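**Student:** one predicted model, sequence on top.
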Amino acid sequence: MRMYDIIKKKRDGASLTEGEIQFFIDGYVKGEIPDYQAAAFLMAVYYKGMDLDETRALTFAVRDSGVKLDFSGVDGIRVDKHSTGGVGDKTSLVVAPIVASLGVKVAKMSGRGLGHTGGTIDKLESIPGFKTDLSEEEFLKVVNKVGVAIVGQSHELAPADKKLYALRDVTATVDCLPLIVSSIMGKKLAADDDCIVLDVKTGSGAFAKTVEESTTLAKVMVDIGKSAGKKMLALITDMDRPLGLNIGNSLEVIEAIETLKGNGPEDFTKVCVILASNMLYLAGKGSLTECEDMVNDAIKNGTALKTLGDMVEAQHGDSAVIYNPDLFPKAQFSYEVKAEKSGYITRVNTEGYGTASLLLGAGRNTKEESIDYSAGITLIKKTGDKVQAGDVIAILYANDQARFASATAKFISSTIIDDEKPAERPLIFERVE
Ligand code: URA
């Protein structure tokens, strides 16, 4: 078999066999297939797509490219939640402790930022001292003790995805259905969870921009997860506006803490309650309504917040910041963005908001770059809000004032103000079971 022939076959629109897909993944992980052939292959898949059999074969090959995690040492049922990525999407920081506080274990492996989207691991590392690289033994110990632990992807788990993820990020091949499916499900299936809830984002800040695309993505992932023996469920949630008001690492942790105290923004709280309820439902804790009541109670009675504090402590972080978020280091400079005209915020380009946050220092331009954890954006006005010219619509935070010009320009060009109040957009579009 030759990689050249596999690239040509896909370029010409034919379906690949399981053997050909396996040959590519094996050769790429071993370093026998160079990046330039892998990049050509990814672009051919981007343009010609993959059918369900090919997508499943690619997913299983990614899953089998490294070690599988063994969670048999964790007592009780294990549930995971995975988002396809968004802007201001700090749901894991809220739903994981809620679900754990209600007796369902969450042994979570999360990622760093990808493209314009933020990553849970970067957000958690904004907590002073917090460790995301626990050994497998310590990881499982924390899960058993606290009910939840969140760590970064180990080097041995799905190494094919680790290499492909980085290559896709620099070859404009991230937003491609079979590549997203195999990346997410390849990793999820290498872990040892019983149930998986997928949060499939849709809209201008998501990798799948339309509800139709997102629903197809959700159906394929649910189908593949079920065929691997997992209990699966997916929710299509809105990412045509950022979730909540804060974008940026420590800013998002602070918003997650406020949400666990019951003081979170309405949209973000609602999405968290629905996701957590569905995780509990899938884990067999009761009907959806019963699970929703349990979730609301766990927020009201403070047990979910305490579980987050316990997890932070068990992962070597300073839990004082959880109970007093004022202790988070602050950005040195802030800048108010003002509306250039009067009207309604009719639409925002959410990807543009994510990019503005990266320009402030909240994300990386290269893999090696370090992150400014306190940089980011607080939205004062969101889609549907009425504004007068000169009103402050957002506050930008950075430790380098030179970053404000490009971030402000990106933010303004991503905010459309017009005369008509826009129609309400649902927060949850579909549930795929
Ligand atoms: N998250 C992933 O892990 N992979 C993707 O391709 C997109 C989002």
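**Tutor:** Thanks, I have it.
**Student:** quick one: classify the residue in the stretch 251-400 of the chain positioned nearest to the ligand as helix, strand or coil.
**Tutor:** Per C-beta to the nearest ligand atom, Gly354 is where the stretch 251-400 of the chain lies closest to the ligand, at 13.2 Å. From N, CA and C alone the C-beta is placed, and that goes for glycine too. In three-state terms, and counting by DSSP: H, G, I helix; E, B strand; the rest coil, Gly354 is helix.
**Student:** that one and Lys338, how far apart?
**Tutor:** Distance, Gly354 to Lys338, by C-beta to C-beta, to the nearest Å: 21 Å.
**Student:** which one's more surrounded, the two?
**Tutor:** Using other C-beta atoms under 10 Å as the criterion, Gly354 and Lys338 rank with Gly354 on top: 30 against 15.
**Student:** nearest residue to the more buried one other than its sequence neighbours?
**Tutor:** Nearest residue to Gly354, sequence neighbours excluded (C-beta to C-beta, 6 or more residues apart in numbering): His116, at 3.4 Å.
**Student:** and the stretch 1-150 of the chain, which of its residues are near the ligand?
**Tutor:** Thr84, Gly85, Gly111, Leu114 (C-beta under 6 Å from any ligand atom).
**Student:** so what sits opposite the last one in the bridge?
**Tutor:** Looking back up the chat, that one is Leu114. Listed by DSSP bridges, the beta-bridge partners for Leu114 are Thr117.
**Student:** that one is in contact with Leu164, isn't it?
**Tutor:** No - in this structure, Leu114 is not within contact of Leu164 by C-beta atoms under 8 Å, at 11.8 Å.
**Student:** of those two, which one has the most company?
**Tutor:** Leu164 (27 against 18).
**Student:** any idea which helix or strand carries that one?
**Tutor:** Assigning secondary structure by DSSP states H and E places Leu164 in helix 159-169.
**Student:** outside of that helix, which residues touch it?
**Tutor:** Counting contacts by C-beta atoms under 8 Å, 6 or more residues apart in numbering, the residues outside helix 159-169 that touch it are 25, 28-29, 35, 38-39, 42, 61-62, 65-66, 111, 114-115, 153, 155, 173-174, 176, 179, 182-183, 186-187, 367.
**Student:** now with 7 Å, please.
**Tutor:** Defining contact as C-beta atoms under 7 Å, 6 or more residues apart in numbering, one finds that helix 159-169 is touched by 25, 28-29, 35, 38-39, 42, 61-62, 65-66, 114-115, 153, 174, 179, 183, 186-187, 367.
**Student:** hmm, back to that, just put the residues of the stretch 1-150 of the chain next to the ligand in a markdown table and tack on pLDDT and secondary structure.
**Tutor:** Below are those laid out as a markdown table (pLDDT from 0 to 100; DSSP: H, G, I helix; E, B strand; the rest coil):
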| residue | pLDDT | secondary structure |
| --- | --- | --- |
| Thr84 | 92 | coil |
| Gly85 | 89 | coil |
| Gly111 | 82 | coil |
| Leu114 | 73 | strand |
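**Student:** what about the residue in the stretch 201-350 of the chain that the ligand sits nearest to, helix or strand, and which?
**Tutor:** Nearest to the ligand, among the residues of the stretch 201-350 of the chain, is Phe207, at 5.8 Å (C-beta to the nearest ligand atom). In the assignment (DSSP H and E), Phe207 maps to no helix and no strand.
**Student:** what sits against the closest residue to Gly390 other than its chain neighbours?
**Tutor:** Leaving aside its chain neighbours, Gly390 sits nearest to Lys338 (5.4 Å; criterion: C-beta to C-beta, 6+ apart). Lys338 sits next to Gly390, Asp391, Val392, Ile393 when contact means C-beta under 7 Å, 6+ apart.
**Student:** including pLDDT and secondary structure, could those go into JSON lines?
**Tutor:** Compiled in JSON lines, the contacts of Lys338 are given as follows (pLDDT from 0 to 100; three-state DSSP):
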{"residue": "Gly390", "pLDDT": "97", "secondary structure": "coil"}
{"residue": "Asp391", "pLDDT": "98", "secondary structure": "coil"}
{"residue": "Val392", "pLDDT": "98", "secondary structure": "strand"}
{"residue": "Ile393", "pLDDT": "98", "secondary structure": "strand"}
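**Student:** my guess is Glu433 meets Leu233, correct?
**Tutor:** Yes - counting by C-beta atoms under 7 Å, Glu433 does reach Leu233; the two are 5.2 Å apart.
**Student:** who's more crowded, the two?
**Tutor:** Leu233 (22 against 12).
**Student:** hey, what's the more buried one bridged with?
**Tutor:** Going by DSSP bridges, Leu233 forms beta bridges with Val197.
**Student:** list the residues that contact it.
**Tutor:** Val197, Asn278, Leu282, Glu433 are the contacts of Leu233 under C-beta under 7 Å, 6+ apart.
**Student:** before we move on, the earlier item: among the contacts of helix 159-169, which ones are buried?
**Tutor:** Among the contacts of helix 159-169, those classed as buried by 16 or more other C-beta atoms under 10 Å are 25, 28-29, 38-39, 42, 61-62, 65-66, 114-115, 153, 174, 179, 183, 186-187.
**Student:** in helices, which of those appear?
**Tutor:** Here DSSP state H is the test, and these give Ile25, Tyr28, Val29, Ala38, Ala39, Leu42, Ala61, Val62, Leu179, Ser183, Gly186, Lys187 as lying in helices.
**Student:** look up how far Lys410 lies from the nearest residue to the first one once chain neighbours are set aside.
**Tutor:** Leaving aside its chain neighbours, Ile25 sits nearest to Ala61 (4.0 Å; criterion: C-beta to C-beta, 6+ apart). In this structure, Ala61 lies at 38 Å from Lys410, with C-beta to C-beta as the measure.
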